[in-house]
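1. Turn this into a model:
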Amino acid sequence: MNAYSALPRNRPGVEELKDMLREASRSFSCAHVVIDAMNEHGPSDADRARLVSMLHDLQKTSNFKILVTARDVPSVSNLFQNSQRSEIRATDEDLKTYLRGRLSDSPNFVKSNITLQDELVTAVVHSTDGM
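-> Next comes the predicted model:
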């Protein structure tokens, strides 16, 4: 058994997280908190709602700036109705550039077949719709 596997796997609860963030904020004149993929947080909508409520409370009482990313799903969007929101979407060209770069890691039969690469890129771009 290594040291990492001996660590507890429990995540802090909302109140523990609030206490940790408040303590950390005392060391900085302004702190930025980034939460990526909020739609993937917690097993339930209620867990996300508790977290967002805590973040809003923390933002009102301390020097925090908060950035949250999430897919546009109602259960998350509804939690931020009174917040500033920006939609960020990849363009088809962004996706094509990314995919072509990733194709360099493909097996040789893909790397050597430009037609197949074009078909793969077209299919993925069509199916993602900017995500």
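2. how far out from the middle of the chain is stretch 116-131?
-> Chain-centre distance of stretch 116-131: 22 Å, with CA atoms, centre = their mean, to the nearest Å.
3. who's in contact with that stretch?
-> Under the contact criterion CB atoms under 8 Å, 6 or more residues apart in numbering, stretch 116-131 has outside partners 71, 89-92, 95-96, 99-100, 103, 106, 109-111. Yep, even glycine has a C-beta here, placed from its N, CA and C like the rest.
4. What are the buried residues along it?
-> 117, 120-121, 125 (16 or more other CB atoms under 10 Å).
5. Of the contacts of stretch 116-131, select the buried ones using a PyMOL command.
-> In PyMOL syntax, the buried subset of the contacts of stretch 116-131 is picked out as below (16+ other CB under 10 Å):
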select buried, resi 95+96+99
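6. Now render the contacts of stretch 116-131 as CSV, adding secondary structure, distance to R48 and pLDDT.
-> Listed next are the contacts of stretch 116-131 as CSV, based on DSSP: H, G, I helix; E, B strand; the rest coil; distance: CB to CB, whole Å; pLDDT from 0 to 100:
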residue, secondary structure, distance to R48, pLDDT
R71, coil, 12, 86
R89, coil, 22, 84
A90, coil, 24, 86
T91, coil, 29, 91
D92, helix, 31, 93
L95, helix, 28, 93
K96, helix, 33, 95
L99, helix, 31, 95
R100, helix, 36, 94
L103, helix, 36, 94
S106, coil, 37, 93
F109, helix, 43, 94
V110, helix, 39, 93
K111, helix, 42, 92
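7. Which two of the contacts of stretch 116-131 have the greatest separation?
-> Greatest spacing in those, by CB to CB: R71 and F109 (33.6 Å).
8. what is the rounded mean pLDDT of the helix or strand encompassing E119?
-> In this assignment (DSSP states H and E), E119 forms part of helix 114-128. Per-residue pLDDT over helix 114-128 has a mean of 94.
9. With stretch 27-37 instead?
-> 88.
10. Endpoint to endpoint, it covers what distance?
-> Taking CA to CA, to the nearest Å, stretch 27-37 runs 27 Å from one end to the other.
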